[in-house]
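J.: quick check, what structure comes out for this input:
(2 chains)
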Amino acid sequence: MIKAIQERIRNYLDEQGYEGLDFIVERPKKRAFGHISTNLAMKLAPLLRKNPYQIAGELAETLFQNIQYLEKIEVIRPGFINFFFKAAYFQSLVEELLAAGADFQKPQLLKKEKIQVEFVSANPTGPLTIGHGRQAVLGDTVGRIFEWFGHEITREYYFNDAGRQMRLLGLSVYARYMNLFGYEAELPDDGYQGDYIIDIAKSIADKWSDKYLNQPENSLFTDFAAESVFKMIQTSLERLNIRHDVYYNEKDLYAEGKISEVLKILEEKNFTYQYDGAIWFKARFFGAEKDRVLVKSSGEPTYRLPDIAYHRQKLLRGFDRIIDLFGADHHATFPDVIAALQAMDLDSSKIQALIHQFVTLTKDGEKVKMSTRKATFVTLDELIDLVGADVVRYFYLMRGADSHLNFDISLAQKESDENPVFYLQYAHARMHNILVHSREKGIESFLEGDCSLLIEDEILEVLDIISEFGEIMETAARTLDPIHLINYLQKLATAFHRFYARHRVVSEDLELSKARLKFILAVKTIITNAMGILGIHTPDVM
RNA sequence: GCCCCGAUAGCUCAACUGGAUAGAGCAACGGUCUUCUAAACCGUAGGUUUUGGGUUCGAUUCCCGAUCGGGGUACCA
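T.: Have a look, this model is predicted:
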C-alpha cells in the first residue's frame, strides 16, 4: 500500500519534471494522522511558490483519487496528506499471508548476490567471551536477514594460529603439562592462566602420557592447543545455532604467495617506499594522517599487510558484497585496507564494515574488566548456561550495534523470568494453544472462514503492523542492524497480547471463530518466520 | 592534539531518509484470572532529548562550538 502511493507520487513528479524531489511516505506515530502520511505538499511548496496546505488539498482531489481500499484522505496544516484505509485492506492481508507463508512481502530479487559475512575471527587462544558473542550473533543474524531476501551467504571466520600469542599459548600448556607430572614449570610472563589450559594439558597427558616432557618448543603444544580451543569455540557457536561455512587461515596467504603479490603490486604502482629499513604504504595519499608500515625492519609484516591481502582475495573470489564485522577497537584498520585496495584498482565499494561497540559487563553492580590472558572474563558458554541460547541471542540484538551493550549478569540471571524474549515466545505459545483448543472444540477446518468478520480495532491494529513487515526487513538489511526486527516483534506481540486479553477466539459463534482462527494462524506464521530470522525458537508450550 | 562511536524518563534503551502531542521495558503506585496459558492485560506517575549557537514551514535527527563517557591514533592484533 505504502509502495503504491510512493509510486504514484514518483510518477507524478516525473511528469511534472521534479524527478529529484525528496519526499517521504511514512506511517505516522499517531493513528489520528492516518495509516499512511506524506509530506509531499510541503516539499512542493517552495517549487510551486504556493501555500502547502492549498497544494495538499489539490493533490488530494486529483492525484490521490481511485486508490484501492482507500477510506478517506485528510489534509492537515501545514500540509500533511493523511490516508486512511478500509478494514478490507487489512483483512486481505490475512489471505495474503497465509498464501505466502515465509515469503510474505518478500520483494522480487533483481539480482541474487553472493554475499560474504566475516565475523568472530578470534584467534584460537581461549574460549569466546561475552564480547565475541555480540559479534557472533550480530554477524549470523545479518546473514539470516540477507538469506531471507534470497541472497547467497557465505559465513566466514578468519584466523591466525601462528605468531606470538599462539606461542605463549603453547608454552602455557607446556607448563601445565609439566605440573601434571609433578615438575616445576612456571607459566611464561603474559602466559594464559585459564583453567582450560590445564584441561588441554590433561588431554595431552591422557593421550601421550609423559612423552613430551621437557620439550617446551615442541610444536605439538601449540598445535594441540589451537585445535582444542577451536573445538571449544565451534561448540559455543553451535550452541547459538551459528555455523561458519569457511575458515580462512592467514597462513594460507603466505603459503600461496598472496602477501608478496600485494607488496609487488603496490610497489609497481609506486605506493610504497623504504624508510628506516621498513616498507611503508603511502596511506597519506588516500587521506590518512600518516603513512603506514607494511613490513617491519625485522622483515616481518605488520597485521595490516595480511589484512590487505585477505581482502584482496575476498574481492577476487567474486563476492558481490562483503560485510566485515569488527569491534570498535579494530575500526582504525579499515580505512587502511580500503585505501590499499583502491591503490590496487580494486572495487572497495563492495566492502562494508559493520562496527559494533563494546559489551560491558556488570556483576552485582560492578564493572568487570575482561582479559582473555588473565582469564578474568565471563565466557560465552557460561552466559548460555546461565540464561539459555534464545535469551543470549535476543539480548545481543536488542541494542543498536553502535550503542554500548550493558550486560548485567546478576540481572539477566535474576530476571530471566520476565525477559523480553519470553514475551515474544509467550505470544507464540498462546497462539499455538488456541489452535489446539479449537481442535478440541471440534473445529476441523477454518481456512474457509470469512475475513470480513475481522472488524475489531485490536485485530486491525495487529494487521496494520503486519503490513509493515517487508519495510522492516528492508530497513534491517539497509542498516545492517537486526534491532529493527526486534523492535517490530515487540510491537507486534504487544498488539497481539492486547487483542488476546479483550477478545476470545473460539466461541459459540462458529463463523466468527473460524475467521479469528485464520487471523491467529496468520499472526503465528509471521512471528515464527521473523523469530526464525533472528535465530530464536518459538516453543509451542511455555 | 587529531579521528571514530555515544549522551533521550530513576535504570537499560527505542524513535526508519529531518515530520505532527519523543516511545517501550525494568523499578514505583493502583486495578484485572469460574473463560483459549496472569511469563498477560488496563491505568497513574515519570522529559528543558548533556549544553550554547545555527540551518527551516518543522530538529532527538543535519552543521559549528563546549562538556562528559568509550574506543582508536604502534615497525601490537
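
J.: excluding its backbone neighbours, what's nearest whichever residue of the stretch 151-300 of chain A sits closest to RNA strand B?
T.: Nearest residue of the stretch 151-300 of chain A to RNA strand B (CB to the nearest atom of the strand) works out as residue A:276 at 2.7 Å. Heads up, the C-betas are built off the backbone N, CA and C, glycines and all. The shortest distance from residue A:276 to any non-neighbouring residue, by CB to CB, 6 or more residues apart in numbering, is to residue A:297 (6.1 Å).

J.: outside of stretch A:200-214, which residues touch it?
T.: Residues outside stretch A:200-214 that contact it (CB atoms under 8 Å, 6 or more residues apart in numbering) are A:173-174, A:176-181, A:183, A:218, A:220-221, A:224-225, A:228-229.

J.: er, stretch A:216-223 actually
T.: Residues outside stretch A:216-223 that contact it (CB under 8 Å, 6+ apart): A:161, A:166-167, A:169-171, A:173-174, A:177, A:204, A:212.

J.: state the mean pLDDT of that stretch.
T.: For stretch A:216-223, mean pLDDT rounds to 93.

J.: mind listing what's buried along that stretch?
T.: By 16 or more other CB atoms under 10 Å, the buried positions in stretch A:216-223 come out as A:220-222.

J.: next: stretch A:352-359.
T.: Along stretch A:352-359, these residues count as buried under the neighbour rule (16+ other CB under 10 Å): A:353-357, A:359.

J.: and the strands in the stretch 351-500 of chain A?
T.: A:351-356, A:359-363, A:366-368, A:405-408 (DSSP state E, counting those that start in this stretch).

J.: what degree of burial does residue A:289 show, as a neighbour count?
T.: Neighbour count of residue A:289, defined by other CB atoms under 10 Å: 6.

J.: ok but it is inside a strand, no?
T.: No. Residue A:289: not assigned to a strand; according to DSSP: H, G, I helix; E, B strand; the rest coil it is coil.

J.: tell me the domain ranges of chain A?
T.: Split into domains by automatic domain parsing, chain A comes to A:2-85, A:91-109+A:419-534, A:164-239.

J.: what's the helix or strand for the residue lying closest to residue A:346 once chain neighbours are set aside?
T.: Nearest residue to residue A:346, sequence neighbours excluded (CB to CB, 6+ apart): residue A:315, at 5.1 Å. Under the criterion of DSSP states H and E, residue A:315 resides in helix A:304-316.

J.: what comes up buried for that helix?
T.: A:304-315.

J.: can you select the buried ones among the contacts of stretch A:216-223 for me in PyMOL?
T.: Buried residues within the contacts of stretch A:216-223, by 16+ other CB under 10 Å, are selected in PyMOL with:
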select buried, chain A and resi 161+166+169+170+171+173+174+177+204+212
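
J.: now tabulate the contacts of stretch A:216-223 in JSON lines and tack on distance to residue A:389.
T.: Formatted as JSON lines, these follow (distance: CB to CB, whole Å):
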{"residue": "A:161", "distance to residue A:389": "27"}
{"residue": "A:166", "distance to residue A:389": "29"}
{"residue": "A:167", "distance to residue A:389": "34"}
{"residue": "A:169", "distance to residue A:389": "28"}
{"residue": "A:170", "distance to residue A:389": "32"}
{"residue": "A:171", "distance to residue A:389": "34"}
{"residue": "A:173", "distance to residue A:389": "29"}
{"residue": "A:174", "distance to residue A:389": "35"}
{"residue": "A:177", "distance to residue A:389": "34"}
{"residue": "A:204", "distance to residue A:389": "31"}
{"residue": "A:212", "distance to residue A:389": "37"}
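
J.: dump the residue contacts of the residue lying closest to residue A:448 once chain neighbours are set aside.
T.: By the measure of CB to CB, 6+ apart, the closest residue to residue A:448 outside its immediate chain neighbours is residue A:514, 7.0 Å from it. Contact analysis of residue A:514 by CB under 8 Å, 6+ apart lists A:443, A:445-446, A:448-450.

J.: ok, of those, which come out buried?
T.: Buried among the contacts of residue A:514 by 16+ other CB under 10 Å: A:443, A:446, A:449.

J.: distance from the chain centre to stretch A:147-160, please.
T.: Stretch A:147-160 has its average C-alpha position 12 Å from the chain's average C-alpha position, going by CA atoms, centre = their mean, to the nearest Å.

J.: in it, what's buried?
T.: So stretch A:147-160, judged by 16+ other CB under 10 Å, has buried residues A:148, A:151, A:153-160.

J.: which stretches of the stretch 251-400 of chain A aren't confidently modelled?
T.: Applying pLDDT under 70 to the stretch 251-400 of chain A flags the ranges A:363-377.

J.: do the same with chain A
T.: Where chain A drops to pLDDT under 70, the residues are A:363-377, A:410, A:414-418.

J.: report how many residues lie close to residue A:102.
T.: Neighbour tally, residue A:102, other CB under 10 Å: 13.

J.: next one: it from RNA strand B, what distance?
T.: Between residue A:102 and RNA strand B the computed distance is 22 Å (CB to the nearest atom of the strand, to the nearest Å).

J.: give the contact list for that residue.
T.: Going by CB under 8 Å, 6+ apart, residue A:102 touches A:148, A:525, A:529, A:532.

J.: could you give the bridge partners of the nearest residue to residue A:334 once chain neighbours are set aside?
T.: In space, and not counting its chain neighbours, residue A:334 is closest to residue A:353: 5.0 Å by CB to CB, 6+ apart. Beta-bridge pairing for residue A:353 (DSSP bridges): residue A:324.

J.: and the single nearest residue of the stretch 51-200 of chain A relative to RNA strand B, what is it in contact with?
T.: Nearest residue of the stretch 51-200 of chain A to RNA strand B: residue A:80, at 3.2 Å (CB to the nearest atom of the strand). By CB under 8 Å, 6+ apart, residue A:80 lies in contact with A:33, A:37-39, A:41-42, A:56.

J.: run the last query once more with 6 Å
T.: residue A:37 (CB atoms under 6 Å, 6 or more residues apart in numbering).

J.: same question for residue A:174.
T.: With contacts taken as CB under 6 Å, 6+ apart, residue A:174 has the following neighbours: A:216, A:221.

J.: wasn't it part of a strand?
T.: No. Using three-state DSSP, the secondary structure at residue A:174 is helix, not a strand.

J.: give the buried residues for the longest helix along chain A.
T.: What stands out as the longest helix in chain A, according to DSSP state H, is helix A:510-534. Neighbour counts over helix A:510-534 (16+ other CB under 10 Å) mark A:512-531, A:533-534 as buried.

J.: that older thread, separation between the residue nearest to residue A:346 and residue A:38?
T.: Note on residue A:315: its distance to residue A:38, by CB to CB, to the nearest Å, is 41 Å.

J.: equivalent analysis for residue A:278, please.
T.: Applying CB to CB, the value for residue A:278 to residue A:38 is 59 Å.

J.: those two: which has the busier surroundings?
T.: Taking other CB under 10 Å, residue A:278 and residue A:38 do not tie; residue A:38 has more neighbours (25 against 17).

J.: give me the neighbour count for the nearest residue to that one once chain neighbours are set aside.
T.: On the basis of CB to CB, 6+ apart, the spatially nearest residue to residue A:38 that is not a chain neighbour turns out to be residue A:25, at 4.7 Å. For residue A:25, the tally of surrounding residues (other CB under 10 Å) stands at 21.
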